[in-house]
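Visitor: Sequence first, predicted coordinates after that:
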Amino acid sequence: MTIRLVKGGYSLGMSRWALAGLVLLLLASAPAAAQVNVNVGIGLPSLDIGIHLPALPTLTLVPGSPVYYAPSVAGNFFFYDGMYWVYQNDNWYSSSWYNGPWALVQPDIMPDFILRVPVQYYRRPPSYFHGWAASAPPRWDEHWGPSWAQRNSGWEHVDRGHVPPPAPLPTYQRRYTGTRYPAQPQQPALHARNYKYQPREEVVRQPYAEHAAPAAHHAAHDGEEHRK
């Protein structure tokens, strides 16, 4: 079989095998950055997104919510269920430490309580927030489209009688500023030693284990495998 491509009035013959080879070549040569959004869920923390705070910022609860925001940070910086969350350049990121490194979070994996934070608590709202009600959540269903809205139906509805208490803040991180801020390989052990909270939400639990205490997570997993 031959596939005929017509361009500018000329007919080009290309076998299906040659076409398949061309597609593979194009995929292989695509820049790595263009392939980031292919991943599903929350990856391992490895990104520097330009947040370099001098110290753990003051975090304030959003009224009626278990989510904290950072009034003094010139960015969309939140804390929820044991992790930090940042919205920047049309992407969500998470980390167990206030200066990262950060992991990219796909929209389908974002906790609803974060998505429900009203527009007024975004210290650097993107331009497409313009005109949206300050006291209401961003219109994620409009921004991410109907397929996302269908998969995440009801994300904006809050049962005020079942709002969980906020997670305790990891205040021990106040001791780690400037040159004392730990490198990524040191962070999990420090976090596991000083912060005993375990996330409530399933969508947070797995990435939290990978980010904050991977050694303990893998030890527990190995123990389960040994008992089988």
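Guide: Received, thanks. Numbers count the residues shown, from 1 in each chain.

Visitor: give me every residue that touches Y195.
Guide: 82, 168, 170, 172, 212 (C-beta atoms under 8 Å, 6 or more residues apart in numbering). Yep, even glycine has a C-beta here, placed from its N, CA and C like the rest.

Visitor: Helices of this protein, start to end?
Guide: Along the chain, counting by DSSP state H, helices occupy 16-29, 112-115, 140-144, 146-151, 187-194, 202-212, 214-227.

Visitor: so, if you compare the contacts of Y195, which one comes nearest to A70?
Guide: P170 (13.5 Å; C-beta to C-beta).

Visitor: For that closest one, grab the count of nearby residues.
Guide: Using other C-beta atoms under 10 Å, P170 has 22 neighbouring residues.

Visitor: residue ranges for the strands of this protein, please.
Guide: Counting by DSSP state E, the chain has these strands, from start to end: 2-7, 10-15, 60-61, 68-69, 76-80, 83-88, 91-95, 103-105.

Visitor: Report the mean per-residue pLDDT for the fifth one.
Guide: When pLDDT is averaged over strand 76-80, the result is 98.

Visitor: same check, this time on the second one
Guide: Confidence over strand 10-15 (mean pLDDT, whole number) is 40.

Visitor: Repeat that for the fourth one.
Guide: Along strand 68-69, the predicted local confidence has a mean pLDDT of 98.

Visitor: how does this protein divide into domains?
Guide: Domain segmentation of the chain under automatic domain parsing yields 2-30, 60-227.

Visitor: Can you list the low-confidence ranges for this structure?
Guide: In the predicted model of the chain, residues 1-43, 213-228 satisfy pLDDT under 70.

Visitor: Just want the most central residue of it.
Guide: By C-alpha atoms, centre = their mean, the chain has its centre lying nearest to V105, at 2.8 Å.
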